[in-house]
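1. Build me a model:
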Amino acid sequence: MLKWFSFFVVLWLPFSGIGQVKDLPPYHYDDKDLTSISDSIFHITLPEISVYPQAQDMSRKQFRQYTTLELRVKKVYPIAKLAAKKIEEYNKVYLSFKSERERKAYVKNIEKELFAEYEPEIRSMTVSQGRILIKLIDRETGKSSFEIIKEFKGGFNAFLWQSVARIFGHNLKSEYDPANEDSMIEYIIWQIDQGLI
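-> Next comes the predicted model:
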């Protein structure tokens, strides 16, 4: 009997509607009203969180590969950042010249300067470090190395440099792909920027 009574009360209560008043006219919100309404629930947009494999989740081989990649990125990342900064500076001056002759002379001077300062460091790089540097230059500047050379030296010179790069196993047209192919490099860079490594 108690079971049937409970069942009846549970079914009957929602339909009673004692607390509902139906006499009030419907209210329509204006744009002004919406800005003044304060919500009691906080709304926070959280940044995207990327999940990467931890050292304990990697096999020995994967951990060795990751450690090697980390060392390579640590070496070339500062060079890529410096390159992006210098390209931005050079581009401003380059575009300020009116004649093509002035621009060519300026590019020649830059080349001499850069070769004198950075040639030993670049020559000591391994092929793998060179590949990563090319990708990181694309990441930092938004342009591939091929496009940068083409912009400053012209299409023919860009083609020549690309041909030389291909001989040594590089591709100056390589683009940085942080979501897929270069996700581990992106993770290492994030750690560097956060001061974790």
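2. So what's the residue count around residue 178?
-> Neighbours of residue 178 under the rule other Cβ atoms under 10 Å: 16. Every residue, glycine included, has its C-beta placed from N, CA and C.
3. residues touching the residue sitting nearest the centre point of the chain, list them.
-> Geometric centre of the chain, nearest residue: residue 178, 6.1 Å, by Cα atoms, centre = their mean. Applying Cβ atoms under 8 Å, 6 or more residues apart in numbering to residue 178 gives the contacts 139, 185-186.
4. Could I get the buried residue list for the lengthiest helix in the chain?
-> Scanning the chain for the longest helix, with DSSP state H as the assignment, gives helix 60-96. Using 16 or more other Cβ atoms under 10 Å as the test for burial, helix 60-96 gives 66, 69-70, 72-73, 75-77, 79-80, 83-84, 87, 90, 94.
5. which one among these gets closest to residue 127?
-> Ranked by distance to residue 127 (Cβ to Cβ), the buried residues of helix 60-96 are led by residue 72 at 10.5 Å.
6. pLDDT-wise, which helix or strand of the chain ranks last?
-> helix 31-36 (a mean of 51; mean pLDDT, DSSP states H and E).
7. Angles on the backbone of the residue nearest to the centre of the chain, please.
-> The phi/psi pair for residue 178 (degrees, to the nearest 10) reads phi -70, psi -20.
8. Quickly find the element holding residue 110.
-> Secondary structure from DSSP states H and E places residue 110 in helix 100-123.
9. Show me what that helix packs onto, helices and strands only.
-> helix 60-96, helix 145-153 (3 or more Cβ pairs under 8 Å, 6 or more residues apart in numbering; DSSP states H and E).
10. same thing but 7 Å
-> helix 60-96 (3 or more Cβ pairs under 7 Å, 6 or more residues apart in numbering; DSSP states H and E).
11. just the angle between the helix it packs on and helix 100-123, please?
-> Angle between the axes of helix 60-96 and helix 100-123 is 160 degrees (criterion: axes from the mean of the first three to the mean of the last three Cα atoms, to 10 degrees).
12. Understood, closing this out.
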